[in-house]
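Student: sequence below, structure please.
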Amino acid sequence: GDETLGASANLLESGLSSGPNRIPDESLDEVWPILAPVFEDSNPTLEHETQYGGSNMDPFTLSLNTVRGKAAHALVALLIEMARVSGGFDLPLSDRRGISGRRELAGMLDRCLDVSREPSLSVRAAIGARLDLLALIDPKWFEQHQAVLFVESDQAQREVIFDSYLLWGTIREPLIPLFRDEYLYRASRLSEPPAVTWERRAPQEALARHAVAMYLHGDIELDDDLMGLVYDESNRILWSAATARVYLGLAKRKDPQEPPDSGYIDRAMRLWEWRIYLANAAASAGDVSNFHPELDGFSHWVVAGDFEENWWVGQLARVTELIGRVELDGPVLDALADVASRHPLQAARVATSLLLHEQWAFLATGHADAFMRIVTAATGSCVPEAISEGRDLANRLVGKGHDEFGPYAIG
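Tutor: Next up is the predicted model:
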């Protein structure tokens with residue numbers, strides 16, 4: 001490929017996307033005559049993608065390192081920038097024509113999506129990465145191009161564009177109905193071998209998190225078909241990634257000091273209660289192992305600090321009854337110590353379980369103060385069962401060489 005052409009596409013895309021070096025609005029019409037010739041370059045050939053793609057480099061990364069891939073990135077950036085400058089984002093969705101209203105650019109985009117003329121997976125990946133924005137600037141174009149975007153005749157071509165959107169795009173609430181059929185189709189294939197090679201299970205995990213995000217924000221219900229597909233028994237390897245979207249979403253708040261949306265928290269609690277109900281049923285049937293990673297992750301919910309105290313303490317107790325431990329055992333122990341005076345029995349029981357199931361044998365040393373607060377709260381309470389549990393915990397700590405707990409181990 002012509003590296004000069006690739007470099008020019010790179011510079012154009014940078015000028016269309018970055019603040020300090022942005023191409024002036026009045027110069028945007030001059031971009032296309034410079035960009036158009038880049039699409040005539042031969043790179044990438046199918047042989048190039050076979051040699052350097054696959055397990056060596058995923059299609060999106062390859063798009064950043066091939067000439068026509070770079071050109072596709074610049075084309076999409078140009079369409080989005082032109083829509084911004086012309087006020088396209090201020091129009092009602094039904095009136096937006098940010099693609100179809102630009103004949104030459106739309107024609108090149110159509111060519112890139114025609115698998116008989118552009119077979120490159122990396123070029124499609126470049127388009128898929130900003131598919132949400134293309135739909136946002138021209139929803140009607142997106143709706144009319146479903147058949148070429150999600151081409152049924154070639155599974156790899158169909159997957160790569162949607163997988164790229166899942167990994168780098170953003171859920172746009174007004175556009176969810178336009179994307180829904182492809183979400184359902186892709187979710188129906190989650191347990192099947194992918195047609196396109198990405199790192200680990202990245203697109204599958206991204207889809208699972210998209211589904212849960214839509215649920216948490218009230219766009220779909222817990223009994224929606226998409227949620228059913230994500231949490232199907234055949235997709236149990238994705239359960240933990242799906243449920244993790246709860247605390248990942250909380251961590252992404254623009255202002256961590258602002259309380260989270262109460263609807264988000266309520267839906268998260270309903271999701272968790274459904275998941276732990278199924279985990280309990282699995283435990284009763286004799287094997288809860290499929291739920292271990294998902295339950296283990298509840299520690300992140302605790303550490304997030306956004307859930308009502310009585311609720312998370314009770315759920316944490318249920319988790320440790322089922323699997324004994326949680327991933328962030330130290331931070332969870334500290335959180336328990338803060339509430340031990342109000343929940344002495346549950347705090348002592350959970351702390352004992354964490355001590356018994358710790359992985360590295362450093363928990364008692366690293367969090368001796370938290371253990372002490374829990375032991376003193378339990379043994380100093382007026383609840384006989386809590387006193388007994390507190391003494392048992394103290395006795396176990398003495399057994400691990402922490403003599404300072406000795407006075408609390410004796411009745």
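Student: give the contact list for Ala211.
Tutor: The contact partners of Ala211, taken as CB atoms under 8 Å, 6 or more residues apart in numbering, are Tyr183, Ala187, Ile220, Leu226, Met227, Leu229, Val230, Ala242. For the C-beta atoms, the positions are set from N, CA and C on the backbone; glycine is no exception.
Student: OK, contacts around the second one?
Tutor: By CB under 8 Å, 6+ apart, the contact set of Ala187 is Leu207, Ala211, Leu226, Leu229, Val230.
Student: let's see it at 6 Å
Tutor: For Ala187, the contact set (CB atoms under 6 Å, 6 or more residues apart in numbering) comprises Leu226, Leu229.
Student: per-residue confidence at it?
Tutor: pLDDT, Ala187: 98.
Student: does it sit in a helix or strand, and which one?
Tutor: helix 176-188 (DSSP states H and E).
Student: that helix: what's the following helix or strand?
Tutor: In N-to-C order, the element after helix 176-188 by DSSP H and E is helix 202-216.
Student: what's the next secondary structure element after that next one?
Tutor: Past helix 202-216, the next helix or strand by DSSP H and E is helix 225-230.
Student: only C-alpha atoms, please: export that next one in CSV.
Tutor: What follows is helix 225-230, C-alpha atoms only, in CSV (Å, rounded to 0.1, in the frame of the first residue of the first chain):
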residue,chain,number,x,y,z
ASP,A,225,-35.8,-11.8,25.3
LEU,A,226,-32.4,-10.2,25.2
MET,A,227,-31.8,-10.7,28.9
GLY,A,228,-33.0,-14.2,28.6
LEU,A,229,-30.5,-15.0,25.8
VAL,A,230,-27.6,-13.4,27.7
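Student: returning to that earlier point: how far off helix 202-216 does the helix holding Ala187 point, in degrees?
Tutor: Helix 176-188 and helix 202-216 are oriented at 130 degrees to each other (axes from the mean of the first three to the mean of the last three CA atoms, to 10 degrees).
Student: work out the gap between helix 176-188 and the centre of the chain.
Tutor: Computed by CA atoms, centre = their mean, to the nearest Å, the chain-centroid distance of helix 176-188 equals 17 Å.
Student: likewise stretch 230-241?
Tutor: The answer for stretch 230-241 is 14 Å, by CA atoms, centre = their mean.
Student: check stretch 358-371 too.
Tutor: 31 Å.
Student: quick one: mean pLDDT for it?
Tutor: Rounded mean pLDDT across stretch 358-371 is 92.
Student: can you check stretch 342-355 too?
Tutor: The model assigns stretch 342-355 a mean pLDDT of 98.
Student: report the buried residues of that stretch.
Tutor: Buried residues in stretch 342-355, counted by 16 or more other CB atoms under 10 Å: 343-355.
Student: got the contact list for the strand or helix carrying Leu278?
Tutor: Using DSSP H and E, Leu278 sits within helix 262-284. Residues outside helix 262-284 that contact it (CB under 6 Å, 6+ apart) are Leu216, Gly218, Val246, Val288, Phe291, Arg318, Leu322.
Student: buried ones in that helix, by neighbour count?
Tutor: Tyr264, Ile265, Arg267, Ala268, Met269, Leu271, Trp272, Arg275, Ile276, Leu278, Ala279, Ala283.
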